[in-house]
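In: return atomic coordinates for the entry below.
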Amino acid sequence: MIRIVGPDDWAEWRDLRLAALRDAPSAFTATLADWHDAPERRWRDRLANSFNVVADLDGRAVGMATGFPRDGEVELGTLWVAPHARGRGVGEALVRAVLSWAQDRRVTLRVADHNTAAEALYRRLGFTGYGRLEYQTESRPPI
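Out: Residues are numbered from 1 along each chain as shown. Below is the predicted model of the structure:
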């Protein structure tokens, strides 16, 4: 199940984000040190200025993704799925939720060269390019 979260869900988001930064530090531009001791206000502000979704599997939050509005476009970021939930469609469901929210706006993202699993997911969903991928509106799969 995918659900939208906001500033009042900051503690749950914090726990997921810190787990993501511990699990895959090279996949993100932020670091664990950047966020480890962040105060509640910073977490709330982060969630107030973006579209955020969490994936639940077997009654537990196991993944997250964000759509950042940027000058009429959307940047997909913060995509992470817990290791035990990978390969079960969670990442795809999270990306599709952001694409649905983005509607007809162009969606872009950055993916690290070594993150081949994430890149394969994005390409399967219609993203093109290298390093900075773009989602072409006309190639959108049904959401």
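
In: over to H84. Which of the three states is it?
Out: Using DSSP: H, G, I helix; E, B strand; the rest coil, the secondary structure recorded for H84 is helix.

In: test my guess that A85 contacts L57.
Out: Yes - A85 lies in contact with L57 (Cβ atoms under 8 Å); the separation is 5.1 Å. Yep, even glycine has a C-beta here, placed from its N, CA and C like the rest.

In: now do the shared contacts for these two.
Out: Contact with both A85 and L57 is made by residues G63, according to Cβ atoms under 8 Å, 6 or more residues apart in numbering.

In: pull the distance from the host helix or strand of V95 to the chain's centre.
Out: Assigned by DSSP states H and E, V95 belongs to helix 90-102. Put simply, helix 90-102 sits 8 Å off its chain's centre (Cα atoms, centre = their mean, to the nearest Å).

In: outside of it itself, list whatever touches it.
Out: Here helix 90-102 makes contact (Cβ under 8 Å, 6+ apart) with 2, 4, 51, 53, 55, 57, 62-67, 74, 76, 79, 81, 107, 118, 121-122, 124-125, 135, 140, 143.

In: which of the residues in it are buried?
Out: By neighbour count on 16 or more other Cβ atoms under 10 Å, the buried set for helix 90-102 is 90-99, 101-102.

In: would you turn these into JSON lines with distance to R22?
Out: Formatted as JSON lines, these follow (distance: Cβ to Cβ, whole Å):
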{"residue": "V90", "distance to R22": "18"}
{"residue": "G91", "distance to R22": "18"}
{"residue": "E92", "distance to R22": "23"}
{"residue": "A93", "distance to R22": "23"}
{"residue": "L94", "distance to R22": "19"}
{"residue": "V95", "distance to R22": "22"}
{"residue": "R96", "distance to R22": "26"}
{"residue": "A97", "distance to R22": "24"}
{"residue": "V98", "distance to R22": "23"}
{"residue": "L99", "distance to R22": "27"}
{"residue": "W101", "distance to R22": "27"}
{"residue": "A102", "distance to R22": "29"}
